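Visitor: Everything below, folded, please.
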Amino acid sequence: MALKMVRQRWALLFACLSMFVLGMADSIRGPLFPELLNYFKLSNSEGSISFAVAAGAAFVGNVASGHVFQFLNLSRALCLSLFLMGMGLFLMGVAPSYSFFLAATVVFGLSLGMVQVTQNVIVTESVEPSQKSKALSGLHTLFGLSSLIAPLVASYSPIVFGPWRSAYFITSALAFVITIGAVIVKAEPRFAFYKIAEKPAGTRNSFWTLLVFGGVLAFYVVAEIMITTRLALYMRTYFNLDLESSSLYVTCLFIFLLLGRLIFTFKSFKSSYRTQLSFSLVLSILFLILGLKFHPIFLVLTGLSMAPYYPISLAYISEQTGVNSRQFITFAISVKSFCIIAMHLGVGYLTDHFGLINALGAGLVAFVLALLCVHFHPKTYST
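Guide: Residues are numbered from 1 along each chain as shown. Prediction:
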């Protein structure tokens, strides 16, 4: 007999659990990358294809989720995406060849994209407007927590279970357990099916409107990932630090990111979402400039200034777009995924031709573009 849970509690519980396993699944790939290269006898370039394939498939998963919502309600969509994640991770763990591993990575990437959209939509649509930023901050805090735990799982699971791919199996099992729990525990009342209402031509939101709102999220994420993925290389290139010392800077950055989101999970602020987003961006711009010009400790502090932006931006998009929030959030996350792919290619080119410090300077441009999108986005037809 199925158990029942109030829909809002169900949404928060399983969105948070799915975020935790998403963070684990996304973050274990980095520590296992050297083992992947050794096992399949790959070059760095060949191994990097797996990350590109996952990113491309995640983008497809982002876009596809909007269509999935027309056939499945949110709870079933979440169960499907978590099941696919578990299956993708399991197949990655048993892959006998690199081509099989890449095929499994496609399944994993699709699930990653679908989970990202579904868990954010399920929270924004299930929580009272006044609690959205706190709920979303708590949700994304779990990603930071699982990202810190994932390297430990990757390191110690072979000691306990033997094969280097044990971390894939552990995370896969976690995804399957959460899927089973989400199936057994029913939300009451149940989630309704999403229906796209026909609107007069003059009241439809334009592609430009969707794109600018997508920029609110996408440009920020480009800057965040640019800083978090290149900080260690920056410290080793310009300050001659070793692996351990440069990694410490990155760890401190993520601790500040986690701490900042914890603060916004338990503390409410009276200022508007737009004001909070602007403050986060302006402070991040300041820290980035100081970090590149004076001392790298300011780059670490960007973790604190950036922390609230992602969850508050989702709450802001939901607030501004009303009944169309699902469409806008799905589109924004899809734009974000596309921009991440472009960013990795662009930063590599800038680093090779103009130096890493100038490539990181492009993060300033991304922060400024996000600020412009926050303040000058078009009005939407939200009814």
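Visitor: for Met92, what are its contacts?
Guide: Going by Cβ atoms under 8 Å, 6 or more residues apart in numbering, Met92 touches 101, 104-105, 108, 165, 168. Using the backbone N, CA and C atoms, a C-beta is placed for each residue, glycine as well.
Visitor: What ranges does the stretch 101-250 of the chain have for its strands?
Guide: Here the stretch 101-250 of the chain has its strands, by DSSP state E, counting those that start in this stretch, at 185-188.
Visitor: How much space separates the residue positioned nearest the centre of the chain from Ala332?
Guide: Centrality entry for the chain: nearest residue to the mean C-alpha point is Gln116, 6.5 Å, by Cα atoms, centre = their mean. When distance is defined by Cβ to Cβ, to the nearest Å, Gln116 is 11 Å away from Ala332.
Visitor: What of Ser111?
Guide: Distance from Ser111 to Ala332, by Cβ to Cβ: 19 Å.
Visitor: so where's the stretch 1-150 of the chain uncertain?
Guide: Within the stretch 1-150 of the chain, the set of residues satisfying pLDDT under 70 comprises 1-2, 44.
Visitor: how about the helices of it, start to end?
Guide: Taking DSSP state H, counting those that start in this stretch, the helices of the stretch 1-150 of the chain run over residues 7-27, 29-40, 44-68, 74-94, 98-124, 132-161.
Visitor: Pull the contacting residues for Ser133.
Guide: Ser133 neighbours (Cβ under 8 Å, 6+ apart): 264, 268, 273, 276, 308, 311-312, 315.
Visitor: Equivalent analysis for Val216, please.
Guide: 277, 313, 316-317, 332, 370, 373-374, 377.
Visitor: so Leu259 touches Leu304, yeah?
Guide: Yes: using Cβ atoms under 8 Å, Leu259 is in contact with Leu304, at 6.8 Å.
Visitor: Please say which of those two ends up with more neighbours.
Guide: Legend: neighbour count by other Cβ atoms under 10 Å for Leu259 and Leu304, higher for Leu304 (21 against 14).
Visitor: so which helix or strand takes in the more buried one?
Guide: helix 297-306 (DSSP states H and E).
Visitor: Name the next helix or strand following that helix along the chain.
Guide: helix 309-321.
Visitor: between that next one and helix 98-124, what angle do the directions make?
Guide: Computed by axes from the mean of the first three to the mean of the last three Cα atoms, to 10 degrees, the angle separating helix 309-321 from helix 98-124 equals 60 degrees.
Visitor: what comes into contact with helix 309-321?
Guide: Contacts for helix 309-321 (Cβ under 8 Å, 6+ apart): 120, 124, 129, 132-133, 136-137, 139-140, 205, 213, 216-217, 220-221, 224, 261, 264, 273-274, 276-277, 280-281, 284, 325, 327-329, 332, 374, 377, 380, 382.
Visitor: and what of stretch 53-70?
Guide: Under Cβ under 8 Å, 6+ apart, the answer for stretch 53-70 is 29, 77, 80-81, 102, 105-118, 121, 193-196, 326-327, 330-331, 333-334, 336-338, 340-341, 344.
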